[in-house]
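Colleague: Show me how the following folds:
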Amino acid sequence: MGRHATDLSGFQGKYFTVLRRIGTYRLSGSKSGTKAIWLCRCVCGAEFASISPVLLTRRETMSCGCMRRRDNREYYELTGKTLPPE
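Modeller: Numbering: from 1, shown residues only. Presented below is the predicted three-dimensional model:
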């Protein structure tokens, strides 16, 4: 009997919301078993896909990456170092 992915639609992360399930992918080397792919919207407006509900629900995925870039910018400003080119 197969397991079904928990519906994460509407789940609120720290800086994102899960919009909907957009598909599945098969694990490499696996004859059976697929994982869900989730479409998320970040607070910056960008949409990104996540393949790991564990990372989403354990708060290990914070944003599309914009918060990491913002945090790095603050680091550079605080230390007086120059930002690398984008």
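Colleague: How many residues are close by Pro53?
Modeller: By other CB atoms under 10 Å, the residues close to Pro53 number 19. Quick note: C-beta positions are derived from backbone N, CA and C, even for glycine.
Colleague: Thought Trp38 was touching it, still the case?
Modeller: Yes. Using CB atoms under 8 Å, Pro53 is in contact with Trp38, at 6.8 Å.
Colleague: Sketch out the low-pLDDT regions of this structure for me.
Modeller: 1-5, 30-32, 71, 75-76, 78-79, 81-86 (pLDDT under 70).
Colleague: do that again at 90, thanks
Modeller: Counting by pLDDT under 90, the chain shows low-confidence ranges at 1-7, 13-16, 23-37, 42-46, 50-86.
Colleague: Can you show me the helices along it?
Modeller: Along the chain, counting by DSSP state H, helices occupy 53-57, 66-79.
Colleague: Could you pull out the residues contacting both of Pro53 and Trp38?
Modeller: Common contact partners of Pro53 and Trp38 (CB atoms under 8 Å, 6 or more residues apart in numbering): Leu8.
Colleague: sorry, back to before: quick one, which of the helices of the chain is nearest to Val43?
Modeller: Proximity of the helices of the chain to Val43 was assessed by CB to CB; the nearest stretch is helix 66-79, lying at 7.8 Å.
Colleague: Could I get the contacting residues of the nearest residue to Cys44 once chain neighbours are set aside?
Modeller: Nearest residue to Cys44, sequence neighbours excluded (CB to CB, 6 or more residues apart in numbering): Cys66, at 4.4 Å. The contact partners of Cys66, by CB under 8 Å, 6+ apart, come to Tyr15, Cys42, Val43, Cys44, Ala46.
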